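**Q** Following is a predicted model, sequence given first.
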Amino acid sequence: MKLKNKKMETKRITHMFFTILCFTLLTVSCDKEISYDEYSEAPIIENATLEITIDDHISRAVSIVATAEGNDYFEISWGDGITTQSTTGIESYNYVDAGNYTIKSVARKDGLVNQAVNKSVSVGLISNLTINSNVDPNDTDTVTLTLSALNATNYDIDWGDGTAVENTTTSTAVHTYAENGDYIVIVTAKATGFADISAQTQVSIVGTFVVVLNQDFETGDLSDWTESYPGALSIIEDPTNPANKVLKYDSTVSAGWDSNNRNFPETPDNVVVTFEFNYFTDNPTGWSDYIVLDSEAGKDVTGSTAFQHSGTVGSYRMRVEGGGVGEAFAPLSLNEWHAIKVVIDPIAETTTYTFDGNPGSAVVLNNLATAPYHNFDRIRFGHNGNNDYYLDNIKVSYVE
């Protein structure tokens with residue numbers, strides 16, 4: 001009996017101990033809250049931004065506003081070797097020297113992943129200097145510059161011809177050169193407290209064009225034209241544009257390749273002469289048209305130049321009369337206007353042809369080396385055959 005009671009007592013004590021132990025363990029476990037964040041990655045700083053304002057170029061002062069989410073402070077590198085810290089992200093700074101700088105803002109917090117933003121700024125600098133040059137077509141030794149630059153208040157201009165450097169506070173400058181040639185113009189943009197910048201452009205001066213003949217036939221006046229066969233020349237409506245008036249050469253009335261003349265004031269010795277005209281024809285065969293620039297006084301007939309459009313030969317050519325030098329090209333298309341341009345340069349001893357804006361080869365005029373003059377004072381034209389043709393916008397000019 002005693003033994004049975006003793007076993008029951010022992011069992012009760014054991015059960016009580018186990019109950020107390022379980023309660024103790026449960027209580028201890030409930031005292032600590034498990035955080036799942038302990039098992040995740042550390043958060044990062046987000047949405048970092050940086051805004052820069054130039055407060056004053058002359059003192060090279062800037063201000064910044066840096067923002068971010070989750071950081072304690074900002075580390076600011078100003079791009080000149082100086083780094084500062086800011087808790088607000090709002091800072092001002094003055095650079096010692098003008099220049100281009102990259103500002104870096106790093107949003108920081110211990111234990112977190114930092115986030116950086118970079119932005120560039122230029123302070124105390126003049127920039128974007130542009131130069132546009134324009135040579136006056138009516139006064140070809142005069143050039144106009146149009147200037148622009150960010151932060152510039154004035155410009156120094158070296159015209160490249162040995163004259164004194166010119167300063168202007170306006171955006172335009174005009175200069176007249178004493179001689180023809182190519183000039184390098186250097187422009188320096190300036191402003192007080194700013195670093196200067198310079199740029200250059202080339203200006204080509206070819207001289208002043210003097211026009212000795214310029215006729216477009218809108219007036220209907222042929223009083224300055226000489227006809228070997230009266231009635232061969234008339235002013236009519238343009239075959240392609242009735243609103244325009246042109247000169248018609250009638251082959252049924254006239255005969256001879258040089259039967260019509262137009263005189264003009266004689267060009268001086270040894271100047272570059274330009275001869276321009278528009279030409280139209282509609283007859284494809286059996287003809288040969290001539291338009292010749294030469295001298296009535298015969299001072300230099302060997303240097304005259306001729307345009308010959310031949311339906312029989314199937315080509316058009318530019319020829320230098322007297323020397324037998326010429327150059328043949330494919331025939332011009334019919335029933336449309338063609339722009340012909342001839343430039344005679346007695347110094348370079350060349351004649352250069354341009355057809356509808358497309359240049360032909362330059363023909364060397366060897367005879368010019370010994371010619372005492374190279375003067376022009378008339379146009380001769382006619383035909384060999386039975387073809388009518390039309391002329392317009394006849395112009396002769398030279399460069400002084």
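**A** In hand now; what should we look at? Numbers count the residues shown, from 1 in each chain.
**Q** quick one: strands adjacent to the host helix or strand of residue 65?
**A** Taking DSSP states H and E as the criterion, residue 65 maps to strand 61-69. Here strand 61-69 is paired, per DSSP bridges, with strand 46-56 (antiparallel), strand 90-94 (antiparallel).
**Q** Which one, of those strands, ends up nearest to residue 289?
**A** In terms of C-beta to C-beta, the element of these nearest to residue 289 is strand 46-56, at 69.4 Å. All C-beta spots, glycine's among them, are computed from the backbone N, C-alpha and C.
**Q** how about the closest one: buried residues?
**A** Within strand 46-56, the residues that qualify as buried are 48, 50, 52, counting by 16 or more other C-beta atoms under 10 Å.
**Q** Same list, the residues you listed, but as CSV with pLDDT please.
**A** Compiled in CSV, the buried residues of strand 46-56 are given as follows (pLDDT from 0 to 100):
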residue, pLDDT
48, 94
50, 96
52, 96
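**Q** what is the mean pLDDT for stretch 95-104?
**A** Stretch 95-104 shows a mean pLDDT of 92.
**Q** Buried residues of that stretch, list them for me.
**A** 95, 98, 101, 103, 104.
**Q** and the last one, that's in a helix?
**A** Put plainly, it is residue 104. No: assessed with DSSP: H, G, I helix; E, B strand; the rest coil, residue 104 is strand; it does not lie in a helix.
**Q** Could you check the pLDDT of the residue nearest to it when sequence neighbours are not counted?
**A** Excluding the flanking residues, the one nearest residue 104 by C-beta to C-beta, 6 or more residues apart in numbering is residue 77, at 4.2 Å. Per-residue pLDDT puts residue 77 at 97.
**Q** beta partners of residue 77?
**A** residue 83, residue 104.
**Q** got the contact list for it?
**A** The contact partners of residue 77, by C-beta atoms under 8 Å, 6 or more residues apart in numbering, come to 83, 103, 104, 106.
**Q** repeat for residue 206
**A** 140, 180, 399.
**Q** Just the closest of those to residue 225, please.
**A** For these, the nearest to residue 225 is residue 399 (26.2 Å; C-beta to C-beta).
**Q** wait, that closest one sits on residue 205?
**A** No: Residue 399 lies out of contact with residue 205 (C-beta atoms under 8 Å); the separation is 10.3 Å.
**Q** Name the residues contacting each of these two.
**A** 140, 180.
**Q** These two - which one has more neighbours?
**A** residue 205 (20 against 16; other C-beta atoms under 10 Å).
**Q** tell me the contacts of that one?
**A** 135, 140, 141, 143, 177, 179, 180, 181, 182, 183.
**Q** Going along the chain, name the helices of the stretch 1-150 of the chain.
**A** 2-30 (DSSP state H, counting those that start in this stretch).
**Q** Just checking: what are the partner strands of the one helix or strand residue 340 maps to?
**A** With elements taken from DSSP H and E, the one containing residue 340 is strand 338-345. If you go by DSSP bridges, strand 338-345 pairs up with strand 273-281 (antiparallel), strand 350-355 (antiparallel).
**Q** So for stretch 102-114, what gets flagged as buried?
**A** 103, 104, 105, 106, 107, 108, 109.
**Q** Contacts for it, please.
**A** With C-beta under 8 Å, 6+ apart, stretch 102-114 has contacts from 42-45, 48, 50, 52, 62, 64, 66, 68, 70-79, 89, 115-121.
**Q** What's opposite the closest residue to residue 224 other than its chain neighbours in the beta bridge?
**A** Excluding its sequence neighbours, the residue lying closest to residue 224 (C-beta to C-beta, 6+ apart) is residue 262, at 6.3 Å. Beta-bridge pairing for residue 262 (DSSP bridges): residue 225, residue 379.
**Q** Count the neighbours of residue 262 for me.
**A** 19.
**Q** Can you name the residues that contact it?
**A** Applying C-beta under 8 Å, 6+ apart, the residues contacting residue 262 are 213, 215, 224, 225, 226, 378, 379, 394.
**Q** Over to residue 268?
**A** By C-beta under 8 Å, 6+ apart, the neighbours of residue 268 are 375, 398.
**Q** mind checking the SS state of it?
**A** Residue 268 ends up coil, using three-state DSSP.
**Q** Per-residue pLDDT of it, please?
**A** 87.
**Q** Next: residue 331.
**A** The predicted local confidence for residue 331 is 61.
**Q** now do residue 354
**A** 77.
**Q** State the distance from the nearest residue to it once chain neighbours are set aside to residue 353.
**A** Counting by C-beta to C-beta, 6+ apart, residue 354 lies nearest to residue 341, which is 4.1 Å off, once chain neighbours are set aside. Plainly put, residue 341 is 7 Å away from residue 353 if you go by C-beta to C-beta, to the nearest Å.
**Q** More neighbours: these two, which one.
**A** residue 353 (22 against 17).
**Q** Residue 342 is in contact with the more buried one, correct?
**A** Yes: with contact defined as C-beta under 8 Å, residue 353 counts as touching residue 342 (5.7 Å).
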